[in-house]
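J.: One predicted model, sequence on top.
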Amino acid sequence: MGIEFFQTGMGRTFYEGTMPALVKALERIAGALEASKEVAKLRSEVDGLLDLHGIDLDEAVPYVPVGELWADDKVQFARLLCELGAACEMPEIDQVAASMDLDGEQMGELWRRAEAVWKQSKAEHCPPHKEKEP
């Protein structure tokens, strides 16, 4: 009987690298599917509430020229940081912090500051919805 696949360099690479990477990718896919189901459920609930209160988002949200917001670095950089914070896992955030020579506390402060700027920008450019008169 000859050498088994797991005993070869290619076999070790497969079992120690490829297979764990595949499992991790499948876990991320499963998580994304679950999150997608939750988002669809929440969207349905929000649509129901909007209908219940007679709110039409096309009329309720004022138009802000996209070019103005896109060109505003303060808005876009804060938006980018908030989206990255929502999409990244802790090991990735830790890597970003290390590459910026920041400790965890400083990184947390940076996320909070970015979120505050982003919330302020949204409040300025997207006022709260008003209910229609019956």
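T.: On my side now, so go ahead.
J.: any weak-confidence spans in this structure?
T.: For the chain, the stretches with pLDDT under 70 are 57-67, 126-134.
J.: ok, which stretches of it are helices?
T.: 9-13, 19-52, 57-60, 66-71, 73-87, 90-99, 104-125 (DSSP state H).
J.: Would you mind saying which of the ones you listed lies nearest Met1?
T.: helix 9-13 (15.2 Å; CB to CB). Any C-beta I mention is one placed from the backbone N, CA and C, and that applies to glycine too.
J.: Break this structure into its domains for me.
T.: Domain ranges of the chain: 1-52, 63-134, per automatic domain parsing.
J.: Redo the helices of the chain as TSV? Include mean neighbour count.
T.: As requested, the helices of the chain are arranged in TSV below (neighbours: other CB atoms under 10 Å):
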stretch	mean neighbour count
helix 9-13	11
helix 19-52	10
helix 57-60	10
helix 66-71	10
helix 73-87	14
helix 90-99	12
helix 104-125	14
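J.: Can I get these in a markdown table including distance to Met1?
T.: Below are the helices of the chain laid out as a markdown table (distance: least, CB to CB, whole Å):
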| stretch | distance to Met1 |
| --- | --- |
| helix 9-13 | 15 |
| helix 19-52 | 24 |
| helix 57-60 | 69 |
| helix 66-71 | 65 |
| helix 73-87 | 49 |
| helix 90-99 | 42 |
| helix 104-125 | 53 |
